[in-house]
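# Whatever this is, show me its structure:
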Amino acid sequence: MVTRRREVSHTSARSLLMTILGEYVLPRENPVWTSVLVNTLAKFEIEEKSARQALARTAAEGWLTSDRVGRRVRWSLTPPGRKLLTEGAQRIYEFGSVERQWDGRWLVLLVSVPESKRDLRHRLRTRLTWAGFGSPEAGVWICPDASRQEEAKGILTGLELTRGAMSFVAEYGSVGEVGSMVARAWDLSEVERRYEEFIDEFGALDPEDGPSTLHAQTMLVHEWRRFPFLDPQLPADLLPANWRGAHAAQVFHRKHQEWRPAAQEHWDKLG
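This next block holds a predicted model:
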């Protein structure tokens, strides 16, 4: 079983609720009862008060809507919520499944945000990191996938940061070493350590029944969904030898496919 220490220290009610919504509610058209969500979260040491607060916050953000049937309340994904989870699920489930060829070109963004606007800086960092960018220097963002220029432009437009920003597509020059730039932009040793933890935790896990399979599948997806924020999916040419991300991806996709039928079947029994 997944250790309780890991559940308590790494899982928040809001984050775990989004994992459950994406894995079990998104594939279905039917609404889900509050009791099902609260009781499921309880299996991960989430108290009822925290579970209900997570539901309320998620609804306030426009991702969920509720309706009352007698004394009971049930929840449905809103169209924006369904879109958000669909896009997230695609990114999570496809992550690590395809090794793309690299043409040696870098997409470079120059964008400056004043130190006083910390919230804006945080949102920019979060969104560019999700898109595969790293920052070797303040105000400089790089990505080895030039096709993400429109995605980057959309991020800057959404944050109203296009004025004064610049983008370039170029190959690395003769000054300095590309490996040094990569090391400054991304902490690959920390990413690999996290991959090792993932492999150790799930590689040999073998749930025995429906409840334990749903538990294992939920934690599998919940832990895996962190990696698009951590791992920029660099081309093989830029990665250390024997990169553990490839093995971790194999574990995720194998286990997710293996556990999915029993986990989904047990979810259907909860309603």
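
# Just give me the residue closest to the centre of the chain.
residue 225 (3.3 Å; Cα atoms, centre = their mean).

# Name the nearest residue to that one, ignoring sequence neighbours.
residue 92 (4.8 Å; Cβ to Cβ, 6 or more residues apart in numbering). All C-beta atoms are positioned from the backbone trio N, CA, C, and that covers glycine.

# now do residue 105
Nearest to residue 105 is residue 146, by Cβ to Cβ, 6+ apart, at 4.9 Å.

# thought the one you found was touching residue 104?
No - at 10.0 Å, residue 146 does not count as touching residue 104 under the criterion of Cβ atoms under 8 Å.

# roughly how far is the helix or strand containing the residue nearest to residue 225 from the heart of the chain?
Here residue 92 sits within helix 79-94, counting by DSSP states H and E. On the basis of Cα atoms, centre = their mean, to the nearest Å, helix 79-94 is displaced by 10 Å from the centre of the chain it belongs to.

# next one: stretch 88-107
Worked out by Cα atoms, centre = their mean, stretch 88-107 lies 14 Å from the chain centre.

# Report the rounded mean pLDDT for it.
Averaged over stretch 88-107, pLDDT sits at 87.

# now the nearest residue to residue 81 once chain neighbours are set aside: how far from residue 259?
Counting by Cβ to Cβ, 6+ apart, residue 81 lies nearest to residue 63, which is 3.4 Å off, once chain neighbours are set aside. Distance, residue 63 to residue 259, by Cβ to Cβ, to the nearest Å: 25 Å.

# Now do residue 98 against residue 253, distance only.
11 Å.

# Comparing these two, which shows the higher neighbour count?
residue 253 (16 against 8; other Cβ atoms under 10 Å).

# Would you list the phi and psi of the more buried one?
Main-chain dihedrals, residue 253, degrees, to the nearest 10: phi -70, psi -40.

# State the helix or strand in which the residue nearest to it when sequence neighbours are not counted lies.
Sequence neighbours aside, residue 97 is the residue nearest to residue 253 in space, at 6.2 Å (criterion: Cβ to Cβ, 6+ apart). Assigned by DSSP H and E, residue 97 belongs to no helix or strand.

# Residue 62: what's it in contact with?
When contacts are counted by Cβ atoms under 8 Å, 6 or more residues apart in numbering, residue 62 is found next to 78, 80, 81.

# This completes my enquiry, with thanks.
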